[in-house]
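Trainee: Sequence plus predicted model, see below.
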Amino acid sequence: QVQLVESGGGLVQAGGSLRLSCTASGRTFSRYVTGWFRQPPGKEREFVAAINWSGSSTYYTDSVKGRFTISKDNAKNTVYLEMNSLKPEDTAVYYCAADKTMGTTSAEYDYWGQGTQVTVSS
């Protein structure tokens, strides 16, 4: 079992930055793939970024490439999502998720956090 807790969300003006953290408890989290997803108001949950267990491979949805960076610190059981140049359309509840294989859809991840709200004002 893996338990995930997100933090770092908040209200920021367009062009600003936030760093989200996803801290895990449970065995062998360092061997898991971790993904970030988001759910904008009234929309479906969508993939944002993912990182493999070693941190050597990362994937991003096109809309955040060059603005968001996913990273991990296995010693701290934590995955980060650094978000820069934020836009109002980035407003969403952001979730981290973990699984043993890489994926870009919600169905491919077994473990989920409770989510953290990110609001970007124009």
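Mentor: On my side now, so go ahead.

Trainee: now the most centrally placed residue in the chain: how far from residue 60?
Mentor: For the chain, the residue lying nearest the average C-alpha position, counting by Cα atoms, centre = their mean, turns out to be residue 36 (2.5 Å). With distances defined as Cβ to Cβ, to the nearest Å, the gap from residue 36 to residue 60 amounts to 9 Å. Yep, even glycine has a C-beta here, placed from its N, CA and C like the rest.

Trainee: Spit out the residues that contact the two alike.
Mentor: Contact criterion Cβ atoms under 8 Å, 6 or more residues apart in numbering; residues shared by residue 36 and residue 60: 48-49, 70.

Trainee: Across the sheet, point out what pairs with the residue nearest to residue 43 when sequence neighbours are not counted.
Mentor: Nearest in space to residue 43, with sequence neighbours left out and distances taken as Cβ to Cβ, 6 or more residues apart in numbering, is residue 92 at 8.0 Å. For residue 92, the residues forming beta bridges with it (DSSP bridges) are residue 118.

Trainee: give the contact list for residue 92.
Mentor: Neighbouring residues of residue 92 by Cβ under 8 Å, 6+ apart: 38-41, 43, 118.

Trainee: same deal with residue 63?
Mentor: By Cβ under 8 Å, 6+ apart, the residues touching residue 63 are residue 89.

Trainee: Need the pLDDT of it.
Mentor: Residue 63 carries a pLDDT score of 97 in this model.

Trainee: can you confirm it is in a strand?
Mentor: No - with DSSP: H, G, I helix; E, B strand; the rest coil as the criterion, residue 63 is helix rather than part of a strand.

Trainee: Quick check: strands, which of the shared contacts of residue 36 and residue 60 are part of them?
Mentor: Secondary structure from DSSP state E places 48-49, 70 of the shared contacts of residue 36 and residue 60 in strands.
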